[in-house]
Structures are given as structure tokens and as C-alpha cells.
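Q: Okay, here's the prediction I keep looking at, along with the sequence it came from:
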Amino acid sequence: MTQAKTAARTKTWTLRLDLVEEDEDVTTVHAALDTGGKTLTTDTSAHRNPHDQPVPEIGDEYAAGRALLDLGKQLLRAGTTEAAANDEYEKG
């Protein structure tokens, strides 16, 4: 017996990254991912190595990258939790 195909659906998730260069040594990021059903947030930072030249773009990249990694971990945890809850629901 074959299962009927379901119609494809498209969703749009919105990611906002607010970067603040506090000084030439520290960049902070507040990130928010709105999935339409929930919003995940994180706050991260990057600190310049005192032996490196001050290049703000590098701090931006490190801080934003850390924020994206954290949001990814949050998504995976949420998916794992929801899958486990779904399995329990189906078992009755």
C-alpha cells in the first residue's frame, strides 16, 4: 500500500543579527531566529587577541558565527525534544 503524497509547503524563518562593536577589542551579537511558531535567541561575543591587529570585521565574523552555532544547537535540542514527545504521544 502506497502513501498519498502531501502537498509541498514553504515556510519563511526570519533571522536577525544585531552586532555591536563595543570597542576595538570586543564585538557582541544578539541573534533572534523567528520560526513562526517560536523565537530562539542567543547573545555571544568575540574578544580580540591582544597580539592581533584591530580588524572589526573579524570580530563581527567570530561573534556572528558563534551566535549561529548556538542557534543551531538550540534548534537541534528543540527537534530532539519534540521528536521524543511525538514518539510518546504516538505510543499513547
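A: Good, I have the coordinates.
Q: So for the one helix or strand Ala85 maps to, what gets flagged as buried?
A: Assessed by DSSP states H and E, Ala85 sits inside helix 56-91. Buried residues in helix 56-91, counted by 16 or more other CB atoms under 10 Å: 59-60, 62-64, 66-68, 70-71. To be clear about C-beta, it is placed using only N, CA and C from the backbone, and glycine gets the same treatment.
Q: Let me see the mean pLDDT of that helix.
A: Here helix 56-91 scores 92 as its mean pLDDT.
Q: what about Leu33, how many residues close to it?
A: By other CB atoms under 10 Å, 20 other residues sit near Leu33.
Q: ok, the host helix or strand of it: who's next to it in the sheet?
A: Element membership of Leu33, judged by DSSP H and E, is strand 26-34. The pairing partners recorded for strand 26-34 under DSSP bridges are strand 14-23 (antiparallel), strand 39-47 (antiparallel).
Q: buried residues in the longest one?
A: Pointing back at strand 14-23 there. Going by neighbour count (16+ other CB under 10 Å), the buried part of strand 14-23 is 17, 19, 21.
Q: can you list the residues that contact it?
A: Applying CB atoms under 8 Å, 6 or more residues apart in numbering, the contact partners of strand 14-23 are 27-34, 56, 59-60, 63-64, 67, 71.
Q: now do 6 Å
A: 27-34, 56, 60, 64 (CB atoms under 6 Å, 6 or more residues apart in numbering).
Q: quick one: which of the residues you listed is nearest Ala7?
A: Distances from Ala7 to the contacts of strand 14-23, taken as CB to CB, are shortest for Asp34 (23.8 Å).
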